[in-house]
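Novice: Would you be able to build a 3D model of this:
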Amino acid sequence: MDKPFKSLKGKLLIDSGNLAGSFFSRTVVLLCQHSTEGAFGLTLNRSTEKTVGEMIIEDLPERICEQDLFIGGPVQGQSMSFLHSDDYLPDANVIPNLNLEHSLDGLVELGESFSVSQQVRIFAGYAGWGAGQLEDEMKRNAWVTHPACVDHVFAIPPGQLWRAVMIEMGGVHKLMADAPEDISWN
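Specialist: Residues are numbered from 1 along each chain as shown. Predicted coordinates for the structure are as follows:
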């Protein structure tokens with residue numbers, strides 16, 4: 001008998017060590033949407049090493065242009081998404097106080113507003129799964145999950161995020177956090 005569908009929206013997908021050699025090796029993906037029709041996520045720890053201003057030709061507010069641009073995933077690299085947070089976002093659509101948007105106008109509006117506690121991260125591309133695809137990957141133990149929080153997106157340096165989340169999870173994951181990417185290096 002099939003188990004009822006359980007959405008993973010608002011969870012982190014963490015490479016369990018079974019994705020070596022792929023784009024997703026040692027990645028942390030925030031699942032922003034997940035239904036029986038598929039899933040949409042953003043990779044939190046892959047930088048383009050460019051700023052938004054270097055990569056997007058639109059006339060954007062300076063504080064947006066200065067932001068680092070991240071690789072959200074291998075799908076549609078020309079598409080843009082952004083996550084933003086503030087102390088109080090009553091209509092947050094990912095987790096409390098964290099909102100996902102895709103509109104350039106929304107990004108401009110955000111850049112022109114001022115809140116000392118506002119944070120934004122901008123992504124090119126995304127990670128996407130068709131109906132049942134993520135569930136199949138979960139059955140094959142490609143991913144482990146962990147509850148997401150705003151600090152995972154904004155407070156932990158992206159280059160340290162995979163290791164930090166593995167340590168948070170504890171147990172065998174904590175041991176994996178310090179293992180070399182290629183176990184033959186051991």
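
Novice: For this structure, just list every one of the strands.
Specialist: In order along the chain, the chain carries the following strands (DSSP state E): 11-15, 28-35, 38-43, 47-51, 68-71, 75-85, 98-101, 119-130, 143-147.

Novice: If you count contacts, what does the longest one end up packed against?
Specialist: Counting contacts by 3 or more Cβ pairs under 8 Å, 6 or more residues apart in numbering; DSSP states H and E, strand 119-130 is packed against strand 38-43, strand 68-71, strand 75-85, helix 104-112, helix 150-154. For glycine as for every other residue, the C-beta is placed from the backbone atoms N, C-alpha and C.

Novice: Dump the second one to PDB, restricted to CA.
Specialist: What follows is strand 68-71, C-alpha atoms only, in PDB (Å, rounded to 0.1, in the frame of the first residue of the first chain):
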ATOM      1  CA  ASP A  68      26.500  37.800  -4.800                       C
ATOM      2  CA  LEU A  69      24.600  35.800  -7.400                       C
ATOM      3  CA  PHE A  70      24.100  32.100  -6.600                       C
ATOM      4  CA  ILE A  71      23.500  29.100  -8.800                       C
END
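
Novice: Can you point out the buried residues in that strand?
Specialist: Neighbour-count burial for strand 68-71 flags 69-71 (criterion: 16 or more other Cβ atoms under 10 Å).

Novice: residues in contact with that strand?
Specialist: 42-44, 46-52, 54-56, 77, 121-125, 158 (Cβ atoms under 8 Å, 6 or more residues apart in numbering).

Novice: And the longest helix seen in the chain, how far out from the chain middle?
Specialist: Ordering each helix of the chain by length in residues (DSSP state H) puts helix 158-169 first. Its chain's C-alpha centre and that of helix 158-169 lie 13 Å apart, by Cα atoms, centre = their mean, to the nearest Å.
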